[in-house]
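> the following comprises the amino acid sequence and a computationally predicted model.
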Amino acid sequence: MAADHSHATLSHDAEGNVSPPEHTHPDWGTYKWVALILTVLTAMEVWIYYIPSFTKTYLFVPTLLILSAVKFTIVVMFYMHLKYDAKLFRALFVGPLTLAAFTLVGLLFLFGHLKISF
Amino acid sequence: MGGEHPPTSTGLNNTKVAIWAFIGSECFFFASLISTYLIYRGRSPVGPFPHDAWTDPATGHVFKAILNIPVTSVSTFVLLMSSLAMVLAHSAVVRGDRRSSKIWLASTAILGATFLGFQAYEFTSFVHEGLTIHTNLFGSSFFILTGFHGAHVTAGVIWLLTLLFIDIKRGFSPDEAINVDVCALYWHFVDVVWIAIFTLVYLIK
Amino acid sequence: MTRDLRMRWLTPALALLIAVGLSACSSFAPNTIFGAHSEFGHSVDVLTRRLLYAGLVVFVLIETLLVVILVRYRERDGNREAKQFHGNSTLEIGWTLIPAVILAFIAVPTIKTIFKTQAKATPGALQVEVIGHQWWWEFRYPQYGIITANELYLPVGRTANFALTTKDVLHSFWVPKLNGKRDLISNHTNYIWFTPDSAYAWNGFCAEYCGTSHANMRFKVFTVPPSEFDAWVAHQKTNAIGSALPAPAIAKADTGKAAQPPAPAAVAPTPVMNVSDTMSATFPRANLPEWVIPKTPTPAHLAFDQSVTGNVTRGATLFKTAPCIACHSVRGVPTAAGIIGPNLTHVGSRTTIAGGLYPNDLRHLQLWIKNAPEMKPGSLMPLFGKNEKGATPGVYTDQQIADLAAYLSSLK
Amino acid sequence: MATTVSLPATPHREPSHRYESGVWSWLATTDHKRIGQLYLYTSLFWFLVGGIEAGIIRTQLYGPNQHLVSAQTYNELFTMHGTTMIFLVVMPLSAAFFNFLIPLQIGARDVAFPRLNAFSYWIFLFGGLFINFSWFLHAAPNGGWFGYAPLTTRPFSPGLNIDFWVLGLQILGISSLAAGFNFITTIINMRAPGMHFMRMPIFSWMAFITQFMIVLAFPIFTVALTFLMLDRFFGTNFYEIQAGADPLLWQHLFWLFGHPEVYILILPAFGLVSEVLPVFSRKPLFGYPVMVYSGILIAFLGFGVWAHHMFAVGMGPIADSFFSITTMLIAIPTGVKIFNWLGTMWGGSLRFTTAMKFAIALVALFTIGGISGVMHSSPPSDLQQTDSYFIVAHFHYVLFGGSLMGLFAGLYFYYPKITGRLMNEKLGSWHFWLTAIGMNLTFFPMHFLGLDGMPRRISSYDAGQGWENNNHLASYGAALIIIGTVFFVYNWFASMRKGAVAGNDPWGGATLEWAIPSPPPDYNFATIPQVTSRYPLWDRKSPQITSEVPHGTRDEQKMEVKIAGQSTGTAPAPADTRLNAPNAHPSAKQLGINMPTPTIRPLLAAFFLGCVFVGLIAHRNLTIMFIAAGLFVLSLYSWLLTPLEPEHH
Ligand code: HEA
Ligand code: HEA
Ligand code: CUA
Ligand SMILES: [Cu+2]
């Protein structure tokens, strides 16, 4: 799987560092906990979906959103090892993600699914 | 390309930088699809609908709420587990554990394929219940959103199978782990998108 | 050096200035957005002028600075080296703040005007439903049960509230002298309101690209004193059939007043509708300002036998069973209840046909019926002239068409 | 320790390689400079096409009620004119500069993914041909360049016209996206040692920002187009009015892309002008860091203003106010750029070369377009302006007076680097003045037309509306631009043969690309330079210019590249004028530099991908589509599984 790659022959760092920091990747110990938490959170999500008294309250949607945001974050942080990886990757991901999220919310406002009241 | 220190200005691997930029871009791709789904939710004059039953005034036919939460919960779980298999495959390659890497790559691909199987089942049962891409706004936006996600999973499965094939043929050395890493990033991202879809499309009523 | 400079820069620069200057010379501007004739228009006018002044200040500032720099710091012989500096925080903060101040100067009235012009219309407003069609306008007055096309009558001094919808694609409702644009959007109802402040005739345009004949989707607005508006309403509510036969008197009804010279921007127009003209109760044609009368030439190769004269009664009989009734309505003719095309009940009283593209007279009506798609590209009304070439075969001879046209123009 | 290489003065002859010249060498090239030139010539060709379309438009509108072309054809003309100018001219012309310049400016041998780069070009070429092929079927797109639904849905546009538009833009989007990821990676990862982000040439910076806008904005457009494509071909309901769809969905998605797109069109031109002005003022760019930050700010704000194109759709006062304010805010960072350019020239020693004239024209003319832009940003007032010729005036001032002027400045500036020869300044001056005068004569009167109530996109207008005079002027202006363009085209090709030999650094440039021969050898830099400041060449040749600009620490290496025994940059033009002779410079092989193997695999992949779309438009011919898709995947595998470089030693 030889993807296109750099053919430059230098080995240096434009920012002045000679070699990049070695990333410490998490291992099975972390992974299994992450998997467990993900499973539990998913179970919780589905579970509250089936509590009619809860789905009717104002808390239902925010709770779901928070649960899924947590799942989202831990997958990104641990499985995609963004927590351990270069800062640059974090910028490449979090920047667009935030902008995209704002856009989504903006659109929901514009189409009247979210409302501001005075 | 070697996985040691790639000769670049930042010391980061080119392909990895590119895949992260790609993932950033995909955020907007899926944000647009999800926005559309949410905008059109509740706008269809005709059913069937995701969470409510609907009686066709013309024929009197009753359509039940179409989403099948138990089945999708299982497929969601399958996809989450595939992510676990994926990280294990990557760490096996990093350790130079040839045997495990093949097992975990294969497991990831199989779990991904299982997810696709669930989706195929879901789609066909919806069609049987009278929901197609033509039926209404919900049908169009639902099938296209989840369909595009499914297409990403399909591409991922093919990618995984290619890696598996190479791994079986000649094996990845630890300094080739970057090849698996990049695929893993893609795979997890597809998983993460599903996390959002599962909540926004399936659970929120 | 100076000679050289003049040669190299002044000549072309002067040419440039002249080029630009020329464009402002055109003073005849019947559709200008300035000096609008509604209170909506006034608010926008004031705001636009403020924007223009702010823009002019920035423009003069930047371009003067640029010219000064170009002249002062041009390379001179023996002066090769530049003074060296590459940044200055005070300056940079300064030129961040000054634009911010200018923007505040326009942002505040902008927001105020937004909320003012988008407030709810007064309850007593005249309701008008505007329905866009490819490529003509349907106007309904739900309070009076009137349906007409391509020509609006509005009373001076009374707020008109428009509810805008479309039957097909997007359009945009625009009368430059009265209001800003508001789009007609499928599956939406949009609103805009304004209060005309003087009586006159205005051009309206479709301002959203809507397909082949977007250019030919125009309309006219007649703002008239309330009493005349009432007369118009009363007349429009009647059935055209019978009331309008025979018609010749009407043509002579106008008092022969000459058309006003067009100076709408400067002088507030005066009412020009002739109240005595109650027979048709419409804007008298002789008083129409030049620029609301269409001058579109008819297609060169579309001919009509000039020797035939139409007969109203024959036309009326033919119309009752003609294919026209599938698309057009005429109140009083029970068979004619189509809704695809414009309502023809009082078509003879309108000054234009076909989305303001042609004046409404016998000759244009005849050509229109003979071959509408030739008269107006893309027209959704099929051709009817025998032997005309087009998507569908025509059935009518010139004589029959002349009869139909005579009948239609009798529907005052 | 200086990084110095000395090369033999008379390189020995090398047996010619199969890929070095001829058609094949262009089809299989992975060299960013060649790909850049392919982009360049292709987009200049489309510029002539788009210009001819504009010429017909202007002839039709010269007087009232004219019928040079039918209404239907007119609608096709303005749709294709807009689409062509934006997607086939300004974007790829910018891409030509990205390709040619970025690696040179950041001191790299090539882009990060040379073959992906080739793929991007070929896809772009097929996209352009695809969409223009519609002319031959009398089915050119006619929905306007922003293709508002529902006019573009099947019920209202049953023909192939919109199919060509949707699919063509879809293809072009793939090209831009692929190039975007490539350049992002290139700029992040391929900078020469010592080239921090804050030492990067300003053009590369603007290019960098542009790439982010591309990869974030195009997916939205892809989604919007996909919906339309599915509606048209597979009967979904996204814009289907009967099914209760909301036409504003298209508008929001389109402008969410469309507004960032206009900054995608202008930022590269800003970058070029920021390169040209300092060199011909003999001063460093005023406020370099602020120029960078304002670029970033413009890009960021650019994602939050889209609905200012929709003030007439009735979004309500709150949304109107929000988008009005954000739009006005953009004037601030843009103004900072204008002022900083003035600051750059202030106190300078201005040399009015053709490149400089075009750069100054951008400053003068873009400002006018910017001011009218700010006028649109006030919703109540915009209700009078929108969809009138006032808007047409605005966007031609920013697009022609901005983007195109900047790109012309870049073309004159970099022509010697691309071809090795100088362009004729006298002809250049004619081109400039005819274009500048013609441009103003064409577009300035349009302000008045708009204020006098002339709607845009009308195939004809009636007599007696007070529009005749200004339309006359506009049409005369267009004629001047066309004459000017003839000067340009002639100058371009004549100078290629007869122009004075340029040498490495004809203008006294400051950045790395001027340190190497013109045209650069395929490996660009014999030794990768070590960069110590923003203006490495000025550091060496005119240190007084850069004395106040931040530099690296003292022990950082100074750049020194010698070619054929001579120090670069100061070298007089070589007597030998056979510039394109393959042996003018030592080859990569002689220097022991590994370059990517030429390959046509990207071309094949692009071709088969294009064929998938051909199958779709050919009445959904599934056979063609599946075969093409299969071949695409095959060629992709064959490309990805072949190593980039020859595998020896
Ligand atoms: C290169 C492309 C480009 C650029 C850079 C811009 C820049 C801007 N544009 Fe433009 N725009 C287009 C291309 C572009 N536009 C196109 C193609 C359309 C039409 C699309 C279509 O409908 O077909 C359009 C349409 C358009 C509209 C919609 C009009 C309508 O249809 O109703 C609006 C509305 O706000 C707008 C605003 C602006 C603003 C505020 C800027 C600002 O970025 C300008 C900022 C610059 C300045 C202001 C000048 C310099 C500043 C100073 C000297 C500081 C001091 C100045 C002040 C305080 C005012 N543009
Ligand atoms: C970068 C973008 C760009 C550029 C450069 C131009 C350039 C020009 N544009 Fe265009 N224009 C747009 C982008 C651009 N335009 C867009 C986006 C629209 C909106 C479309 C829509 O509404 O959907 C538009 C719309 C538009 C309209 C409005 C149409 C309408 O609304 O009905 C008009 C009308 O005059 C016009 C005119 C011109 C003219 C005269 C030029 C001239 O400057 C052209 C100059 C070109 C040349 C000078 C090249 C030709 C040269 C030759 C032919 C010489 C040949 C010689 C040899 C081969 C040796 N343009
Ligand atoms: Cu209706 Cu344009
Ligand atoms: Cu915009």
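Yep, that arrived. Numbering: from 1, shown residues only, chains lettered A, B, ... in the order given. Ligands and ions are numbered 1, 2, ... in the order given.

> and the residue of chain C that's closest to ligand 1?
Closest residue of chain C to ligand 1, C-beta to the nearest ligand atom: residue C:99 (3.5 Å). Bear in mind the C-beta positions are built from the backbone N, C-alpha and C, glycine included.

> try chain B
For chain B, C-beta to the nearest ligand atom, closest residue to ligand 1: residue B:32, 20.2 Å.

> measure that residue to residue D:411 for me?
Residue B:32 sits 36 Å away from residue D:411, going by C-beta to C-beta, to the nearest Å.

> then residue C:143?
From residue C:143 to residue D:411 the distance is 63 Å (C-beta to C-beta).

> with residue D:405 instead?
11 Å.

> neighbour count for those two, which is higher?
Remark: of residue D:405 and residue D:411, residue D:405 carries more neighbours, 29 against 23, as counted by other C-beta atoms under 10 Å in any protein chain shown.

> and residue 44, what does it touch?
I went with chain A, as the question did not name one. Taking C-beta atoms under 8 Å, 6 or more residues apart in numbering or on different chains as the criterion, residue A:44 is in contact with residue A:67.

> try chain C instead
With C-beta under 8 Å, 6+ apart, residue C:44 has these contacts: C:33, C:36, C:113, C:117, C:180, D:380-381, D:383-384.

> can I take it that it is in a helix?
Yes. Judged by DSSP: H, G, I helix; E, B strand; the rest coil, residue C:44 forms part of a helix.

> please enumerate the strands of chain C.
C:126-133, C:136-141, C:146-149, C:151-155, C:160-166, C:171-174, C:182-184, C:190-194, C:200-206, C:218-224, C:352-353, C:358-359 (DSSP state E).

> which residues does the second one contact?
Residues lying outside strand C:136-141 but in contact with it, judged by C-beta under 8 Å, 6+ apart, are C:126-132, C:146-152, C:167, C:204, C:206, C:217, C:219, C:233, C:341-343, C:354-355.

> of those, just the buried ones, ChimeraX syntax please.
Here is the ChimeraX selection string for the buried members of those, based on 16 or more other C-beta atoms under 10 Å in any protein chain shown:
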select /C:126,128,129,130,131,132,146,147,148,149,150,151,152,204,206,217,219,233,341,342,343,354,355
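
> just the contacts of strand C:136-141 that are near ligand 3?
Under the cut-off given by C-beta under 6 Å from any ligand atom, ligand 3 has C:132, C:206, C:217 from the contacts of strand C:136-141 close to it.

> element containing the nearest residue to residue D:438 once chain neighbours are set aside, please.
Spatial nearest neighbour of residue D:438, excluding adjacent residues (C-beta to C-beta, 6 or more residues apart in numbering or on different chains): residue D:480 at 2.9 Å. Using DSSP states H and E, residue D:480 falls within helix D:468-498.

> can that helix be said to contact ligand 2?
Yes. Contact of helix D:468-498 with ligand 2 is found when judged by C-beta under 6 Å from any ligand atom, involving D:474, D:478, D:481-482, D:485-486, D:489.

> tell me the buried residues in that helix?
By neighbour count on 16+ other C-beta under 10 Å, the buried set for helix D:468-498 is D:468-482, D:484-485, D:487-488, D:491-492, D:495-496.

> burial measure for the residue in the stretch 251-400 of chain D positioned nearest to chain B, as a count.
Chain B sits closest to residue D:253 of the stretch 251-400 of chain D, with a gap of 6.2 Å, by C-beta to the nearest C-beta. Neighbour count of residue D:253, defined by other C-beta under 10 Å: 26.

> before we move on, back to that, surely the residue of chain C closest to ligand 1 touches residue D:329?
No. Counting by C-beta atoms under 8 Å, residue C:99 stays clear of residue D:329, with 9.7 Å between them.

> local confidence estimate at the closest residue to the residue of the stretch 251-400 of chain D closest to chain B other than its chain neighbours?
Excluding the flanking residues, the one nearest residue D:253 by C-beta to C-beta, 6+ apart is residue D:224, at 3.8 Å. Per-residue pLDDT puts residue D:224 at 97.

> residue D:224: what's it in contact with?
For residue D:224, the contacting residues are B:32, D:250, D:253-254, D:257, by C-beta under 8 Å, 6+ apart.

> pretty sure residue D:70 sits against residue C:378.
No. Residue D:70 is not in contact with residue C:378 according to C-beta under 8 Å; the separation is 9.5 Å.

> helix, strand or coil for residue D:520?
Per three-state DSSP, the secondary structure class of residue D:520 is coil.

> count the neighbours of it for me.
21.

> isn't it right next to residue D:34, touching?
No. With contact defined as C-beta under 8 Å, residue D:520 does not count as touching residue D:34 (11.1 Å).

> please name every helix or strand in contact with the longest helix along chain B.
Determined from DSSP state H, the single longest helix within chain B is helix B:137-169. Applying 3 or more C-beta pairs under 8 Å, 6 or more residues apart in numbering or on different chains; DSSP states H and E, one finds that helix B:137-169 contacts helix B:14-40, helix B:98-128, helix B:177-197, helix D:202-234.

> repeat that for 6 Å
If you count contacts as 3 or more C-beta pairs under 6 Å, 6 or more residues apart in numbering or on different chains; DSSP states H and E, helix B:137-169 packs onto helix B:14-40, helix B:98-128, helix B:177-197.

> how far off helix B:177-197 does it point, in degrees?
160 degrees (axes from the mean of the first three to the mean of the last three C-alpha atoms, to 10 degrees).
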